[in-house]
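Chemist: Provided below for reference: sequence and predicted model.
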Amino acid sequence: MLSHLLHGLLNLSGPPAYALVALLAGGEAAILLGLFLPGETALLLGGVLASGGHVRLTTMLLVAVVAVILGDSIGYELGRRGGPRLRTSRLGRRVGEDRWARGEQFLARRGGPAVLLGRWVGVLRALVPALAGMARMPYRQFLAWNALGGSLFAGTVVLAGYTAGSQYARVAHLLGGAGLLLLAGLIAVALIAAAVRARRTHNHPHGTPPEGAPA
């Protein structure tokens, strides 16, 4: 089953591939997606797709770097504006106070470099940008470390996927079964939503309202 999922993902190409990698890699901090799906999963996939000739490596690297930097900037703004309310929100409670506290201590101990170092430490990638915003770290300082860390992290992981190439077993080991299943699930949801929208458009062309609806 895992090999079938991997084969399907590796058939992605062009704009959909770029969009998927950008959405998942950027959403890691922007919407705390990294709590459920590590961002390197999408970045590795992007590298593998480039190795197979489905996308251009240089374009994928650019998309990946911009996505992670922008995603962390959105996460920073989320923390700056949301503040403590973010930690007490439904999503914040799912994170758990222990994770918030560890991230806060890491940021207080490391300062600006925590934004770079946090890139390489699991769940910290999702939390540190928001915590930096909550702590009112100057955005220029945050952006400098974010740009450096994002470029290094995204470039390294995409190139790792590119090096792994189409060796299914090796890629499966890198991505992990859980990550592949969740990634495939997200793609399936997107495809179903697109099919529903297409069907509605077909049933009601040119904006014609359904029967019984007000004109």
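Modeler: Sure thing, it's come through.
Chemist: going forward, measure contacts between C-alpha atoms and count neighbours the same way
Modeler: Fine.
Chemist: Check the spacing between M137 and L143 real quick.
Modeler: Distance, M137 to L143, using C-alpha to C-alpha, to the nearest Å: 10 Å.
Chemist: Neighbour count for those two, which is higher?
Modeler: It is L143, of M137 and L143, that has more neighbours when counted by other C-alpha atoms under 10 Å, with 21 against 18.
Chemist: ok, and the closest non-adjacent residue to P113?
Modeler: Spatial nearest neighbour of P113, excluding adjacent residues (C-alpha to C-alpha, 6 or more residues apart in numbering): W145 at 6.4 Å.
Chemist: which ones are touching that neighbour?
Modeler: W145 makes contacts with 112-113, 115-116, as judged by C-alpha atoms under 8 Å, 6 or more residues apart in numbering.
Chemist: Need the worst-confidence member of those.
Modeler: On pLDDT alone, G112 ranks lowest of the contacts of W145, at 83.
Chemist: Number of residues surrounding that residue?
Modeler: 19.
Chemist: Kindly report the same for P138.
Modeler: P138 - counted by other C-alpha under 10 Å - has 11 other residues nearby.
Chemist: hang on, the earlier thing: give me the distance between the residue nearest to P113 and S13.
Modeler: 32 Å.
Chemist: ok, now F142?
Modeler: On the measure of C-alpha to C-alpha, F142 and S13 end up 33 Å apart.
Chemist: same deal with R125?
Modeler: R125 sits 27 Å away from S13 when distances are taken as C-alpha to C-alpha.
Chemist: Looks like A114 contacts Q105 (just checking).
Modeler: No: using C-alpha atoms under 8 Å, A114 is not in contact with Q105; the gap is 10.1 Å.
Chemist: Compare the two (neighbour count), which wins?
Modeler: Ranked by neighbour count (other C-alpha under 10 Å), A114 and Q105 place A114 first, with 23 against 12.
Chemist: Against which helices or strands is the one helix or strand the more buried one maps to packed?
Modeler: A114 belongs to helix 113-117 when assigned by DSSP states H and E. The contact analysis (3 or more C-alpha pairs under 8 Å, 6 or more residues apart in numbering; DSSP states H and E) places helix 113-117 against helix 97-110, helix 124-134, helix 139-164.
Chemist: from these, which stretch is densest packed?
Modeler: helix 124-134 (a mean of 27; mean count of other C-alpha atoms under 10 Å).
Chemist: which secondary structure element contains G75?
Modeler: helix 57-82.
Chemist: I'd like the next helix or strand past that helix.
Modeler: helix 84-88.
Chemist: Could you write out the alpha-carbon coordinates of stretch 48-60 in CSV?
Modeler: The C-alpha trace of stretch 48-60 is given here as CSV (Å, rounded to 0.1, in the frame of the first residue of the first chain):
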residue,chain,number,x,y,z
VAL,A,48,12.2,13.7,-5.4
LEU,A,49,9.8,15.2,-8.0
ALA,A,50,12.6,17.3,-9.3
SER,A,51,14.9,14.3,-9.6
GLY,A,52,12.2,12.5,-11.7
GLY,A,53,12.0,15.4,-14.1
HIS,A,54,8.4,16.3,-13.0
VAL,A,55,9.5,19.8,-11.9
ARG,A,56,12.6,22.0,-12.3
LEU,A,57,15.0,21.7,-9.4
THR,A,58,15.9,25.4,-9.4
THR,A,59,12.2,26.4,-9.4
MET,A,60,11.4,23.9,-6.6
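Chemist: Kind regards, and thank you for your time.
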